[in-house]
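**Student:** please work out how this folds:
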Amino acid sequence: MKDFSVGIVSTGIYLPENCHDSAYIAQETGIPIEVIEKKFGIKRKPRAGDKDQSAYMAVKAAQKALDGHDPKEIDLLIWTGSEHKDFYVWSAGIKVQHEIGAQNAWAIDVAARCSTNIVALKLVKDIMQSDPAINTVLLAGGHRTCDLINYKNERARFLINLSDGGSAILLKKSHPANLVLGTSIITDGAFSEDVIIPAGGTRMPTSRETIERGLHFFDVPDPQGMKERLDKSSMRNFVKVIQEAVEKSGYKVEDIDYLALLHMKRSAHDYILSELGLNQSQSIYLDDYGHIGAPDQVLSLELASRQGKVKDGDLVVLASAGIGYTWAATVIKWGPAV
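**Tutor:** Below is the predicted model:
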């Protein structure tokens, strides 16, 4: 099969105007503000307003990524946002396709929780390789997962960093810059029922009782058991997918110039950098944004570009984890292809 490259043409981020700051979160949770800021690593985070529906935020991010580009050139649009969408059992990608005028594309929804953008980058490369008609792809998604947080639920406190926003990535076959290289993905279904929204699915359909009992928010049925099991594997799997993705790309961990991570507690973020031999200047801690979800890596990359932390020739790694659990990393060779 003919060799080819896939490159990132542009990206887009949409952030709502509203926010929840550390003082508000401290008030709602009863956790001291210094713990919110230092341990949880949240100074503030964007919160969707009434207009900021999931598809709307994806459209806004897509329009930024498409600035100067014709949406009619898009062959495929992949929804990479939350499954918490505008409507129940609904294809959001098709809506985004229509709203941005990508009339020559077809659209699908993909879900891998907060790792969806990274998983989708691998899918794009594979699809482009198998289908010569797919030359331009847009990844776009919106997240309103803050809707699903009950700040009073102590069992689900590790999720209070969830925030809202949208992201988009425009990719082209044989684009001579920002090449998408290797990807590594690990999933572990042993955690598949550790973080759930109890009601609204087929096991426990929505009823007056489920609403009154507050069963339509994220919950962790066995937080201690989950923590004990997750502590044994999560950081190890984070480091492993990064190492594997770099090796698949023909590089070594020492070659990493910038690591775009999702938002997590500060100690975990620092641990990953330390394990990889990276310093604080080689990543950005998203304490002013919280954990939007799959857009975190796009946001980190855009911030790094503005701050001069990413330059032509750099080896950039996007890494994330999604409840379920999925760990994923993709390598980007930034700048013009040599």
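**Student:** ranges for the strands of the stretch 151-300 of the chain?
**Tutor:** All strands of the stretch 151-300 of the chain, identified by DSSP state E, counting those that start in this stretch, fall at 164-173, 177-187, 258-261.
**Student:** nearest to residue 234, of those strands?
**Tutor:** When the strands of the stretch 151-300 of the chain are compared by C-beta to C-beta, strand 177-187 sits nearest residue 234, at 10.3 Å. Bear in mind the C-beta positions are built from the backbone N, C-alpha and C, glycine included.
**Student:** can you name the residues in contact with the closest one?
**Tutor:** Residues external to strand 177-187 that are found in contact with it (C-beta atoms under 8 Å, 6 or more residues apart in numbering): 5-9, 115, 118-119, 121-122, 124-125, 171, 237, 240-250, 324-337.
**Student:** picking up where we left off before, looking at the strands of the stretch 151-300 of the chain, which is buried most?
**Tutor:** With neighbours taken as mean count of other C-beta atoms under 10 Å, the strands of the stretch 151-300 of the chain reach their highest mean count in strand 164-173, at a mean of 28.
**Student:** sheet-wise, list the partners of it with their directions.
**Tutor:** strand 6-14 (antiparallel), strand 136-144 (antiparallel) (DSSP bridges).
**Student:** please work out which residues outside the first one touch it.
**Tutor:** If I follow you right, that is strand 6-14. 57-58, 60-67, 69, 124-125, 128, 142, 165-180, 295, 298-299, 301-302, 332, 337.
**Student:** repeat the analysis, applying 7 Å as the threshold.
**Tutor:** 57, 60-65, 69, 124-125, 128, 165-173, 175-180, 295, 298-299, 301-302, 332 (C-beta atoms under 7 Å, 6 or more residues apart in numbering).
**Student:** same thing with the last one?
**Tutor:** The contact list for strand 136-144 (C-beta under 7 Å, 6+ apart) reads 48, 54-58, 61-62, 65, 73-82, 84, 96, 102, 116-117, 120, 124, 164-172, 292-295.
**Student:** any chance of a ChimeraX selection covering the buried ones in the residues you listed?
**Tutor:** If you want just the buried ones from the contacts of strand 136-144 in ChimeraX, going by 16 or more other C-beta atoms under 10 Å, the selection is:
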select :48,54,55,56,57,58,61,62,65,74,75,76,77,78,79,80,81,82,84,96,102,116,117,120,124,164,165,166,167,168,169,170,171,172,292,293,294,295
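**Student:** do you know which of the strands of the stretch 151-300 of the chain lies nearest residue 207?
**Tutor:** Closest approach to residue 207 among these (C-beta to C-beta): strand 164-173, 27.3 Å.
**Student:** next, the angle from that closest one to strand 177-187.
**Tutor:** 120 degrees (axes from the mean of the first three to the mean of the last three C-alpha atoms, to 10 degrees).
**Student:** so for strand 164-173, mean pLDDT?
**Tutor:** Averaging pLDDT along strand 164-173 gives 98.
**Student:** likewise stretch 4-16?
**Tutor:** 96.
**Student:** now the lowest-mean-pLDDT helix or strand in the chain: how far from the chain's centre is it?
**Tutor:** Ranked by mean pLDDT, DSSP states H and E, the weakest helix or strand in the chain is helix 223-231, scoring a mean of 92. Mean-position distance between helix 223-231 and its chain equals 23 Å (C-alpha atoms, centre = their mean, to the nearest Å).
**Student:** still on that earlier bit, only whichever of the contacts of strand 177-187 are buried, select them in PyMOL.
**Tutor:** To isolate the buried members of the contacts of strand 177-187 in PyMOL, using 16+ other C-beta under 10 Å:
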select buried, resi 5+6+7+8+9+115+118+119+121+122+124+125+171+237+241+242+243+244+245+246+249+324+325+326+327+328+329+330+331+332+333+334+335
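**Student:** what ranges do the helices span in the stretch 201-338 of the chain?
**Tutor:** 208-212, 223-231, 234-248, 266-276, 296-306 (DSSP state H, counting those that start in this stretch).
**Student:** pick the most deeply packed of these.
**Tutor:** Comparing those by mean count of other C-beta under 10 Å gives helix 296-306 as most buried, with a mean of 22.
**Student:** pLDDT on that one, on average?
**Tutor:** On average, helix 296-306 scores 98.
**Student:** with stretch 111-119 instead?
**Tutor:** Rounded mean pLDDT across stretch 111-119 is 96.
**Student:** off-centre distance for it?
**Tutor:** 6 Å.
**Student:** and for stretch 177-194?
**Tutor:** 11 Å.
**Student:** what do you get for stretch 60-79?
**Tutor:** 18 Å.
**Student:** which residues touch that stretch?
**Tutor:** Residues contacting stretch 60-79 (C-beta under 7 Å, 6+ apart): 9-14, 92-93, 96-97, 100-110, 120, 127, 133-141, 166-170.
**Student:** give me the buried subset of these.
**Tutor:** 9-14, 92-93, 96-97, 100, 102, 105, 107, 109-110, 120, 127, 134-141, 166-170.
**Student:** tell me the buried residues in stretch 137-153?
**Tutor:** For stretch 137-153, using 16+ other C-beta under 10 Å, the buried residues are 137-151, 153.
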